[in-house]
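Undergrad: my questions are about this predicted structure, shown below with the sequence.
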Amino acid sequence: MKKLLLIAALAAGTIGASAQVTVAGSKFTDNWSFTLKGGAVTPLKNHDFIKSARGIAGAELRKQITPCFGLGVEGEWTVNTSAWTGYKSSNAFDHQYVGVFGTLNLMNAFAGYKGTPRLFEMEVVAGTGWLHAYYPHTEGGDSNTWGTKAGLNFNFNLGQAKAWTISLKPAFLWAMNTNGDFSAMGMDATYNGNACVFQLQAGVTYHFGNSNGTHHFSIVRPYDQAEIDALNAQINDLRGELEACGAGSAALMAQLADLQAQLDACNRRPVAVEKVVKDLNNIRYVFFNLSSATVQANQQPNIAMVADALKANSNATCTVKGYASKDGSLAFNKKLAQRRADAVKKELVKRYGIASDRVQAEGQGIGDLFSENSWNRVAVCTVNE
């Protein structure tokens, strides 16, 4: 008895420590399972252990209270294939046991629950219930007593969801009110090996789905109040940001609608067509030698005519666009075209006294004004009235 009390105290302490883990899936409707089982049963003493064995079948309905503790009800029936008492019952089953039981998962109790059932687990099982024997009327009829049961469950949890369990279930069942014989029912409650049978059964168990979405307990990370308050503050901040984003989005949508209205108005507006009149009366050409930006003397009359037109009309301006022929590289010709335009502007300003802001010099790069390549070494002066 002292050893039993010591073991119970050790188990209680270990289980108390493991109980600090918070699990989800512990509602009343959670963690129910159903088991079908069957195997053999034989008297422990006074009979041939093997030859006296007979079949046994049963079922269990269990509620797992915690990862360590479970409670259930079971029913078992022994098949009437051999006589332990010297006579046989006329029924197909000669004994039945209906009782309640409790289980202790040793793996979870001593090693802790990790959030998922292990592949292999071992349970201690203990229970009590009603034991009934079917006897012929010639032998006094049926008899009843109460029995106690103790055993082990060797469980193999299968599948990714661990919804199925296959078990090996060795157990001892005592008929408590007997006179030393399993078949002789008396009134004295005692654990007597002569009134004990050994059972070896295999079971298949299905674990029903839980409210947490699994077929077993799952571990929940505990939060203290400070963490909860911090998370609530973050949620409120995010809600504020979301509302601000909503306001900003509404403003952007209004701006987009306004821009779309402006675009539609522009698309409906008549297109202004600029009429270009080719008039050579206000254009003069100044030609240059190959790779040169120097104004030759024979080109001065053209520049002089441009200057006269600008002097005659004080509001007029002049645009000088320099060009180069296709000879040479593109980079060189771009610079050469600008130098030719600058050279003409310089003549108008320095030689003929035209104000610098009335003359705009623009380099146009390689020109294709004329089919004759050499003629494209030119600066075109346009008087803008």
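TA: Thanks, I have the structure now. Residues are numbered from 1 along each chain as shown.
Undergrad: quick one: stretch 159-166 to chain centroid distance?
TA: Taking Cα atoms, centre = their mean, to the nearest Å, one finds the center of stretch 159-166 at 24 Å from the center of the full chain.
Undergrad: do the same with stretch 282-292
TA: Remark: stretch 282-292 is offset 75 Å from the chain centroid, using Cα atoms, centre = their mean.
Undergrad: just use 26 as the starting number from now, easier for me
TA: OK, 26 is where the count begins now, so the last one is stretch 307-317.
Undergrad: rounded mean pLDDT for that stretch, please.
TA: Throughout stretch 307-317, pLDDT has a mean value of 92.
Undergrad: gap between the two ends of it?
TA: 25 Å (Cα to Cα, to the nearest Å).
Undergrad: swap in stretch 237-253?
TA: 21 Å.
Undergrad: ditto for stretch 198-217
TA: End-to-end distance for stretch 198-217, by Cα to Cα: 10 Å.
Undergrad: so after the helix or strand harbouring residue 287, what's the next helix or strand?
TA: In the assignment (DSSP states H and E), residue 287 maps to helix 250-293. Moving toward the C-terminus from helix 250-293, the next helix or strand (DSSP H and E) is strand 308-312.
Undergrad: pull out the buried positions in that following strand.
TA: If you call a residue buried by 16 or more other Cβ atoms under 10 Å, then strand 308-312 has these buried ones: 309, 311, 312. Bear in mind the C-beta positions are built from the backbone N, C-alpha and C, glycine included.
Undergrad: give the pairing partners of the longest strand along the chain; include direction for each.
TA: Looking across the chain with DSSP state E, the single longest strand is strand 168-183. Next to strand 168-183 in the sheet, as set by DSSP bridges, lie strand 145-158 (antiparallel), strand 189-200 (antiparallel).
Undergrad: pLDDT of that strand, averaged?
TA: Throughout strand 168-183, pLDDT has a mean value of 93.
Undergrad: alpha carbons only: can I get that strand in PDB?
TA: What follows is strand 168-183 as a C-alpha-only set of coordinates in PDB (Å, rounded to 0.1, in the frame of the first residue of the first chain):
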ATOM      1  CA  SER A 168     -25.800 -14.600 -11.500                       C
ATOM      2  CA  ASN A 169     -24.400 -11.000 -10.900                       C
ATOM      3  CA  THR A 170     -21.500  -9.500  -9.100                       C
ATOM      4  CA  TRP A 171     -19.300  -6.500  -9.400                       C
ATOM      5  CA  GLY A 172     -15.900  -6.600 -11.000                       C
ATOM      6  CA  THR A 173     -12.800  -4.500 -11.100                       C
ATOM      7  CA  LYS A 174     -10.400  -4.200 -14.000                       C
ATOM      8  CA  ALA A 175      -6.800  -3.100 -14.400                       C
ATOM      9  CA  GLY A 176      -4.500  -3.200 -17.400                       C
ATOM     10  CA  LEU A 177      -2.400  -1.400 -19.900                       C
ATOM     11  CA  ASN A 178      -3.000   0.100 -23.400                       C
ATOM     12  CA  PHE A 179      -0.200   0.100 -25.900                       C
ATOM     13  CA  ASN A 180      -1.400   2.600 -28.400                       C
ATOM     14  CA  PHE A 181      -0.100   3.300 -31.900                       C
ATOM     15  CA  ASN A 182      -1.500   6.700 -33.200                       C
ATOM     16  CA  LEU A 183      -1.700   6.600 -37.000                       C
END
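Undergrad: show me where the protein has helices.
TA: 27-43, 131-136, 250-293, 325-337, 355-371 (DSSP state H).
Undergrad: those: lowest mean pLDDT?
TA: Taking the mean pLDDT of the helices of the chain, helix 27-43 comes last: a mean of 46.
Undergrad: quick one: contacts for the residue nearest to the spatial centre of the chain?
TA: Nearest to the geometric centre of the chain sits residue 238, at 15.7 Å (Cα atoms, centre = their mean). For residue 238, the contact set (Cβ atoms under 8 Å, 6 or more residues apart in numbering) is empty.
Undergrad: look up phi and psi at it.
TA: Main-chain torsions, residue 238, degrees, to the nearest 10: phi 90, psi 0.
Undergrad: in the longest strand of the chain, what's buried?
TA: Within strand 168-183, the residues that count as buried by 16+ other Cβ under 10 Å are 168, 170, 172, 173, 174, 176, 177, 178, 180, 182.
Undergrad: so the fourth one makes contact with residue 150?
TA: No: with contacts counted by Cβ atoms under 8 Å, residue 173 stays clear of residue 150, the gap being 11.4 Å.
Undergrad: touching, residue 372 and residue 319? I think so.
TA: No: Residue 372 lies out of contact with residue 319 (Cβ under 8 Å); the separation is 10.6 Å.
Undergrad: among the two, which residue is more densely surrounded?
TA: Taking other Cβ atoms under 10 Å, residue 372 and residue 319 do not tie; residue 372 has more neighbours (22 against 10).
Undergrad: now the more buried one: closest residue in space, sequence neighbours ignored.
TA: The shortest distance from residue 372 to any non-neighbouring residue, by Cβ to Cβ, 6 or more residues apart in numbering, is to residue 328 (5.1 Å).
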